[in-house]
Structures are given as structure tokens and as C-alpha cells.
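**Student:** below are the sequence and a predicted model for it; my questions follow.
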Amino acid sequence: MALAQRVVALLESGARQSTYKLATLLALIDEAVENPVPESAELAVAIPSLAQRVIGYYWPQVRPYTTGGPLRQGWPQGSATRPDGGMPRIPRLIEEARAALRAEGHVTADRARESGSRVYQLLVRDVAHQLARNPLTYLQTPVRAPQGVTTDLLFDASGFHNSISRAALDAHGPLVLRPGVAAALRECAPLLRPVVEMTWIADIVRFNATELDHDDLAGFLFGADRSSLIRLHDPLRDIQHGRCFYCAAPLRATPHVDHVLPWSRVPLDGTANLVLTDARCNSNKLAMLPVRDHHERAIGRPETLLRDLSEASGLPVLLDRTTDAGIGIYTTIPTGTLLWRGRGSYEIHQRRRGTG
Ligand SMILES: [Zn+2]
């Protein structure tokens, strides 16, 4: 909790110039959740892996919000009359690559990654390089801190600097989260993630200086891609034999695609984490974490089926990430956590012996 409070204090330390730090923090939280290490261990995070997660966060955000085009992700750097409108470099790189990748037929960032596209590989390389310059250099520096004051709360940033070359970055190796930081981020993820997202929304409102609706923005910036989810309805209904994934009641007219591991804990929009439910189960479960059986049944579906669902929807499978996230979540949630089994049916989590 102490670490979470210090991270929140960093977020509150002053006005940001861009949303870079927020994207990077969310990416680090995801790394911690999906790579569960013992409580006092370090965690090595490859910079390209971090870059892929940052790309995933910006991917939906750089699409046009209105006819006015994409939302500003920072203050204009240089002249706002430049062709790029002064958009900060990372979202600009992603916006350009996204257009090219969509022309190649890749709807989501994960699908682009899975395809092995050259455009995507170059994007990862460019974003990783930019991350190493900024924000990794300044992530832990309070905005209003006197010159030279920095904290090394999360990782040793001394190897990153604003003019680091690609060669120097390659030689640097991974970013290493300090002992205990990964476990703390993982355990505080359900609290930290919404704080970072709300901060991001507030920054977008500030940068765009227009009347923006917070609720609409939250869905636009962080929601799942609705049209891809709708394409999952029919194929999911088929493989579930027309029944709700949770209660097995026959599905009626308006089923819902549910994230088994809730989006608020880990944003996994892969078919390994998606099931079809009736409205009653869906509205009862909301953002609750289900009992582990449901998650295991979801990832235990034949991989060929998950791949067929992926083909039908344009969404990735993400079986490995979903499996790892389940291990990370279920082995570390505290005893006493309320889990959802079915409509009006809950269980109190007991930590299993030998899992810490
Ligand atoms: Zn149901």
C-alpha cells in the first residue's frame, strides 16, 4: 500500500505535458500482474515488451474521436500548425502505423503483433526507443521537483536519458523493477488501475480544452472494442450450444460478451478471456472476479475453437497472457476476497496452502 500511495503522489505532483507516464505505468502494472514473482523478488521487463503494451493502450485512443480527428495526448510541441498538430511522438507513431496495419487487415494491436508484420516490428522498435528517452527517464521524477531531484521508487532509471541511442538501449537490457515492487504493483492493481485511468481521462480533458463527457471518454479510451465483441455473438453461441457460459440457461435475444477476468483487473480483450452470458448473469457479475473454476473453464476451451473465434472477430486469442494473468491474480488475492460464482452466489477466497 505504501508503494501505491507513492505512485499516486507522483501522479498528483503536477501537470503532465503528455499521457506518456500514464501509459507506461499501466504497462508496468500489467507486467506485474501477468508475471507473478515472489513477494520480495525483482522483475525484469524487456523494453520492447513494455512498448507493445503501451502500443496496445494507445491503439484505440488514436482513432478519430469526432470529425475533428484524434484527441490530443499532450500539449502541442512546437507549432500547432505542423501537419501532426503537435501530437506527442508516441501516439503519432502509433497512429501512423495503425493506419498502415489496418490496411494490411489487422484490426487490433495484438493481431498485428501476432501477424509478425514488419510495420508492427518497426513500430515496437521506435516506441521502445522513445520510451527509453521519455518517459522512462522522467517517470519517477515528480513534476514540480527541483532540478535533479528524482526518486528511484520503481526501478533504477540511471541508464535511461533523453538522448540515448538505439545501440545504447540495446546494450542496456531490460528495465528491472526493484525487489518487492512487482508484487506490490500486482496486489494494488485493482486500486491503481482506475486511479491511473481517471487521471488519464482528466488529462485528455485538459489537453483538448473542449466540452468532453467523462463517461463517453472512459468507454472510448479504455473500453473494449464493441464491434469486435458483437462479431463474437454468433460463434460463441454455437460453441456454447446456445447456453449461458455461467449458468447454462438457454440464451435469449440479447446475450452479452463477458470478460471472465474483469477488465478492471487486467484489460485482456482476447478470445481466451471472452464468453457469452445471459443478461442476468452479466449484470449480476459486473466487475467482480469470478471463482477460479470459471476462468479455468474459459482458458481450457480447445485452442482451435479459440482461434476460430479470433478469426471470426478480428480479436487476438491471448491464451498465454490470460493464463498467466489468472495465475497472477488467483495466487495473490488476499484471503477473504469475495468471488462471484453465479447469480447471487458468492464465495470467500481462501488462499491455498503453498501459494504464499
Ligand atoms: Zn447465466
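**Tutor:** The structure has been received and is ready for your questions. Numbers count the residues shown, from 1 in each chain.
**Student:** can you pull out the strands in the stretch 251-356 of the chain?
**Tutor:** Ranges of strands within the stretch 251-356 of the chain are 256-259, 274-277, 338-342, 345-348, based on DSSP state E, counting those that start in this stretch.
**Student:** buried ones in the longest one?
**Tutor:** Taking 16 or more other CB atoms under 10 Å as the basis for neighbour counts, the residues of strand 338-342 that come out buried are 339-342. Bear in mind the C-beta positions are built from the backbone N, C-alpha and C, glycine included.
**Student:** pick the one among those residues closest to the ion.
**Tutor:** Using CB to the ion, Gly342 comes nearest to the ion of the buried residues of strand 338-342, at 7.3 Å.
**Student:** not counting its neighbours along the chain, what's nearest the residue in the stretch 51-200 of the chain positioned nearest to the ion?
**Tutor:** Going by CB to the ion, the ion is nearest to Pro190 of the stretch 51-200 of the chain, at 24.1 Å. Counting by CB to CB, 6 or more residues apart in numbering, Arg265 is the residue found nearest to Pro190 once chain neighbours are left out, at 5.6 Å.
**Student:** do the same with His295
**Tutor:** Once flanking residues are discounted, His295 sits nearest to Gly326: 4.8 Å by CB to CB, 6+ apart.
**Student:** can you find the helix or strand of this protein with the lowest average pLDDT?
**Tutor:** Here the helix or strand of the chain ranked lowest by mean pLDDT, DSSP states H and E is helix 214-222, holding a mean of 78.
**Student:** by contact count, what packs against it?
**Tutor:** Other helices and strands packing on helix 214-222, by 3 or more CB pairs under 8 Å, 6 or more residues apart in numbering; DSSP states H and E, are helix 47-61, helix 181-208.
**Student:** any buried residues in that helix, and which?
**Tutor:** So for helix 214-222, counting by 16+ other CB under 10 Å, buried means 217, 220-222.
**Student:** ok, the spatially most central residue of the chain - contacts?
**Tutor:** Among the residues of the chain, the one closest to the centroid is Pro267, at 4.8 Å (CA atoms, centre = their mean). When contacts are counted by CB atoms under 8 Å, 6 or more residues apart in numbering, Pro267 touches 30, 222.
**Student:** show the backbone phi and psi for it.
**Tutor:** Taking degrees, to the nearest 10, you get phi -80, psi 80 for the backbone angles of Pro267.
**Student:** how long is stretch 296-314 end to end?
**Tutor:** 23 Å (CA to CA, to the nearest Å).
**Student:** can you check stretch 3-21 too?
**Tutor:** For stretch 3-21, by CA to CA, the gap between its terminal residues amounts to 17 Å.
**Student:** sweet, I'm off.
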